[in-house]
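> Sequence below, structure please.
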Amino acid sequence: TRLNTIHCNGDLITCLIRNPKLPLACTITHMGKVTIWEYPSFKQVSFAQLSVEKLSHASFSSDGRTLVGSSLFKGGRISIMNLDEKGNIQSIKEIVGKYECTFISPSGRVFAVEVEKRKESIDLVSFDPESGKELKRVTLPGRGLTCSATNHKGLVALAKMNHEVYVVDTDTMEVKYFLPNCSKVYIKSIIFEGEDDMWFAIKGGEIVHYKGTELVEKFSVPNCVPFFLGWSIRHKRVWIVDESGITNTSLLVNPSTEETKDGLDSVYTLKFHDITCCGVDHHEDMVCAGDFLGNLFVWKKGNIAPVASTLLTSGVRTVTWKSDGSSIQIGCLDGQIWDWKPFEGDGVLKQLFMLMEGVTCLKWDTSEHRSIAAATTDGSLAIFTEKSGESNLAVNLVIKAHKPIEGPQDLRFGSIQKFAEIWSCAWSPDNTMIATSSEDQTTKIWNRWGELIDTLTGHTAAVTSVDWALTSVGEILATCADDNTVRIYKAGKTFELSHIFHTSEVEEWHTITYLSIEQGGNRVAIATQSGYIFVWSLETKEKLFGEKMHAGSIEGLRWNHKTELLVSCSSDCTVNVYEFNA
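Below is the predicted model:
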């Protein structure tokens, strides 16, 4: 049972930690906002804005009076914050450099792990917290970190990308012991207790218990890729966080001599979407989103719990809400198109059509034709018309809009020698034309009868999204692609490229996944595979917003032209609604 949900920050929370001595908790956001809260009431105690963003790790000292955080981006920083006995942030000091994680040793030194790309080693560094002077540096062989954890005695366990674990004294920098090849895949989380008691969450679906260098036991976690482990009841119940949600499970003591025990008994979960959210739309003050397991949920503004839900037999790829709000149309990975009336009786679900390939995009027009366009994974475009007085669809058009391309191709983002998937489609404001964007690096413009009007080129990778709207600066068509550019066209009878936006400021690997134009306004928004939302002004070409808002890939983005709200959904199983101030 979910006990409480607190909306305490306006951007992505990257760190959430408890104070070991004081009744406090701390959140740090992607934008560098540090907030100290009373725990468990979550009443704000103090707040600070750091000079650096994208903090990825934070920890308290053992006495709870010092907080340290580290960031790898934009030059990097270690931020050292001193707290009084009530939790007020008294001072902030900074040490420049790129550090993966940082801790406060028992003697008060700053201990940090420095990782450089393509370097076959990592450096352990200690600093004087007052002067920032480097005191000692130790090099460990092997590439990068996957996770770390400290115990109450000042030891830190460092899990490396080559599946080794080092246990190091944060004061002396001495390696206490070493676990070679303790897993075949990455260790994603560690619980570290006492002198040498460690529990590892392993990416391959195991929880492994070591005491020092001795393997005590293993537990299998079926169908799970855990990335966080924490005690619910010490040594009895454990929280496991993975891509499908948060699970509270029991550790069953089983004397079996088998190497791996089926010892995890799921009791209950805290989740709505079970796996990657994909497809989102909204109507007035309600939002609908689907996921790859076939779940659909409808939320109403102000409600934490969904007001309606249903489950399909196939994963959801796209959703679109009919303009009158009476029903939602759903496109599935196996080609099914469904109609769902969530507020009619207990919810009426009806299959409308079955296409040969997966449905990637559904879009209603706004004309008296009452037509809906469907794009598919094999490059087909279909247009259906709603029969008068019925919810059935009549087929108006089915064409192969984008065909496979022969010859040498860059196949990093697909297999366009076999098919040219249509990623997105959009009606023109007057509903006479429709645009399709494809893996073949083009956007094509069609009339309602399937005749090709124009082909827009210029992207150098798959064109992942297209939108078309009448804005305050005129009729605009916009496209985005895996080449991390957004192309803006003045649209009408011809299509003139007017501007290109870039997302090169993002310092991590990413592609652009979705795009949406504010109808009647002057803004365009895009979403990335790495969780960023960018918003630009179509009038001034100024960037209005650009921050990481999801912990996973964004798999749906839509402006609501009536409420001026933007909504996104993600593989992190969350749906976000944004209000951007003028």
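> what's the average pLDDT for stretch 423-432?
For stretch 423-432, mean pLDDT rounds to 96.
> Enumerate the positions of it that are buried.
423-429 (16 or more other CB atoms under 10 Å). Where C-beta positions appear, they are placed from N, C-alpha and C, glycine not excepted.
> Between the two ends of it, how far is it?
Start to finish, the residues bounding stretch 423-432 are 21 Å apart (CA to CA, to the nearest Å).
> and His283, how many residues sit next to it?
Neighbour count of His283, defined by other CB atoms under 10 Å: 18.
> partner residues bridging it?
Met286 (DSSP bridges).
> Also Val34?
Residues in beta-bridge contact with Val34 (DSSP bridges): Ile28, Ala48.
> What of Ala478?
Where Ala478 sits in a bridge, its partners, by DSSP bridges, are Asp467, Ile488.
> Just to check, it is in contact with Val466?
Yes: using CB atoms under 8 Å, Ala478 is in contact with Val466, at 7.1 Å.
> which neighbours do these two share?
Leu515 (CB atoms under 8 Å, 6 or more residues apart in numbering).
> Tell me the spacing between Lys54 and Gln351.
45 Å (CB to CB, to the nearest Å).
> before we move on, what about Ala481?
33 Å.
> of those two, who's got more company?
Between Ala481 and Gln351, Ala481 has the larger neighbour count (other CB under 10 Å), namely 26 against 13.
> can you pull the contacts of Cys198?
One correction, residue 198 is Met, not Cys. Met198 touches 149, 157, 165, 190-192, 209-211, counting by CB under 8 Å, 6+ apart.
> repeat that for 10 Å
149, 151, 155, 157, 159, 165, 167, 179, 182, 187, 190-192, 208-212, 216 (CB atoms under 10 Å, 6 or more residues apart in numbering).
> That one: which element?
strand 197-202 (DSSP states H and E).
> follow-up on the earlier one: using TSV, lay out the buried residues of stretch 423-432 together with distance to Ala305 and secondary structure.
Shown next, in TSV, are the buried residues of stretch 423-432 (distance: CB to CB, whole Å; DSSP: H, G, I helix; E, B strand; the rest coil):
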residue	distance to Ala305	secondary structure
Trp423	32	strand
Ser424	31	strand
Cys425	33	strand
Ala426	33	strand
Trp427	34	strand
Ser428	39	coil
Pro429	37	coil
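> Quick check: the farthest pair among those?
Spatially, the most separated pair among the buried residues of stretch 423-432 is Trp423 and Pro429, at 21.1 Å (CB to CB).
> Tally up the residues packed near Asp128, please.
Asp128, neighbours per other CB under 10 Å, totals 13.
> Now it. Nearest residue, chain neighbours left out?
Nearest residue to Asp128, sequence neighbours excluded (CB to CB, 6 or more residues apart in numbering): Leu135, at 5.9 Å.
> State the mean pLDDT of the helix or strand that neighbour falls within.
Taking DSSP H and E as the criterion, Leu135 maps to strand 134-141. Mean pLDDT, strand 134-141: 94.
> Residues contacting that strand, please?
So strand 134-141 is contacted by 95, 97, 109-114, 119-128, 158, 160, 162, 164, 166, 168, 171-175, 178 (CB under 10 Å, 6+ apart).
> Which positions in it come out as buried?
Neighbour counts over strand 134-141 (16+ other CB under 10 Å) mark Leu140 as buried.
> export the buried residues of stretch 423-432 to CSV and tack on distance to Phe343?
Formatted as CSV, the buried residues of stretch 423-432 follow (distance: CB to CB, whole Å):
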residue, distance to Phe343
Trp423, 31
Ser424, 28
Cys425, 28
Ala426, 28
Trp427, 26
Ser428, 31
Pro429, 29
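> Specify which member of the residues you listed is nearest to Phe580.
Ala426 (21.7 Å).
> Just grab the bridge partners of that closest one for me.
Ala435.
> before we move on, the earlier item: which ones among the contacts of strand 134-141 lie within helices?
Per DSSP state H, helices hold no members of the contacts of strand 134-141.
> I'd like to know which of those residues are buried.
95, 97, 109-114, 122, 124-127, 158, 160, 164, 166, 168, 171, 173.
> ok, Thr503 to Thr443 distance?
From Thr503 over to Thr443 (counting by CB to CB), the distance is 18 Å.
> So between those two, which is more surrounded?
Comparing Thr503 with Thr443 by neighbour count (other CB under 10 Å), the higher total belongs to Thr443, at 29 against 19.
> So which helix or strand of this protein has the lowest pLDDT on average?
Least confident helix or strand, the chain: strand 264-270 with a mean of 42, by mean pLDDT, DSSP states H and E.
> Which residue ranges of the stretch 101-250 of the chain form strands?
In the stretch 101-250 of the chain, the strands defined using DSSP state E, counting those that start in this stretch lie at 110-115, 121-127, 134-141, 145-150, 155-160, 165-169, 175-179, 187-193, 197-202, 206-211, 214-220, 228-233, 237-242, 245-251.
> need these in TSV with distance to Lys322, can you?
Output for these, formatted as TSV (distance: least, CB to CB, whole Å):
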stretch	distance to Lys322
strand 110-115	51
strand 121-127	55
strand 134-141	59
strand 145-150	46
strand 155-160	50
strand 165-169	55
strand 175-179	58
strand 187-193	42
strand 197-202	44
strand 206-211	46
strand 214-220	46
strand 228-233	40
strand 237-242	35
strand 245-251	30
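> ok, of these, where does mean pLDDT dip lowest?
Minimum mean pLDDT among the strands of the stretch 101-250 of the chain: strand 245-251, a mean of 72.
> Run me through the strand neighbours of that strand, direction for each.
strand 237-242 (antiparallel), strand 264-270 (antiparallel).
> Return that strand as CSV; C-alpha atoms alone will do.
Taking Å, rounded to 0.1, in the frame of the first residue of the first chain, the C-alpha atoms of strand 245-251 are listed here in CSV:
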residue,chain,number,x,y,z
GLY,A,245,8.9,-1.1,-10.1
ILE,A,246,9.6,-1.3,-6.3
THR,A,247,9.1,-4.6,-4.6
ASN,A,248,9.2,-5.6,-0.9
THR,A,249,10.3,-9.2,-0.5
SER,A,250,11.2,-11.7,2.2
LEU,A,251,14.6,-13.4,2.4
